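K.L.:
give me a model of this one.
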Amino acid sequence: MYPHERSLVARLKDDPFALLGVNSDKDLDALQPILKEENITWRSFWNGPEGTAGPISKRWGISGWPTLYLIDAEGKIRHKFTGSPGDEKLDAFIDALVAEAKTAKK
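P.N.:
Below is the predicted model of the structure:
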């Protein structure tokens, strides 16, 4: 998913869009070089040493990885995917929400 996430961040850099990540690797020290190597430039939270059973996934009721939430400009969850819906489908949902946010700004 990292290549697609990087492409979204680049493509939508001037738009009302933010990507946030949660990483479930248990070892934070081992994770740091991976984030650098994969060029993760967006905010990415660590789910703690419990990995997929960490506090963030518990709070959000995450039962599978990846889980994707698309949140609109008003902070409402508009879509939730457990597992990847595919790049094209995901892009279509994101593009629609970005367009909606741009229209609301006017």
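
K.L.:
count of neighbours near Phe45?
P.N.:
12 (other CB atoms under 10 Å). In this view, the C-beta of every residue, glycine as well, is placed from N, C-alpha and C.

K.L.:
if you could redo that for Tyr2, that was the one I meant.
P.N.:
Residues lying near Tyr2 (other CB under 10 Å) number 13.

K.L.:
how about Ser57?
P.N.:
Ser57 is surrounded by 20 other residues when neighbours are defined as other CB under 10 Å.

K.L.:
and the strands in the protein?
P.N.:
If DSSP state E is used as the criterion, the strands of the chain fall at 21-23, 44-46, 67-71, 77-82.

K.L.:
now the closest residue to Tyr2 other than its chain neighbours: how far from Glu5?
P.N.:
Nearest residue to Tyr2 in three dimensions, chain neighbours excluded: Glu38, at 4.7 Å (CB to CB, 6 or more residues apart in numbering). For Glu38, the distance to Glu5 (CB to CB, to the nearest Å) stands at 9 Å.

K.L.:
neighbour-wise, which of the two wins?
P.N.:
Taking neighbours as other CB under 10 Å, Glu38 and Glu5 compare with Glu5 leading, 17 against 14.

K.L.:
excluding its backbone neighbours, what's nearest Lys80?
P.N.:
Nearest in space to Lys80, with sequence neighbours left out and distances taken as CB to CB, 6+ apart, is Tyr69 at 5.4 Å.

K.L.:
doesn't His79 make contact with the one you found?
P.N.:
Yes: if you go by CB atoms under 8 Å, Tyr69 and His79 touch, sitting 7.3 Å apart.

K.L.:
count of neighbours near the nearest residue to Gly54 once chain neighbours are set aside?
P.N.:
If the residues on either side of it in the chain are set aside, Gly54 comes closest to Asn47, at 3.3 Å by CB to CB, 6+ apart. Number of residues near Asn47 (other CB under 10 Å) recorded here: 21.

K.L.:
and if you look at Val22?
P.N.:
In terms of burial, Val22 registers 18 neighbours under the definition other CB under 10 Å.
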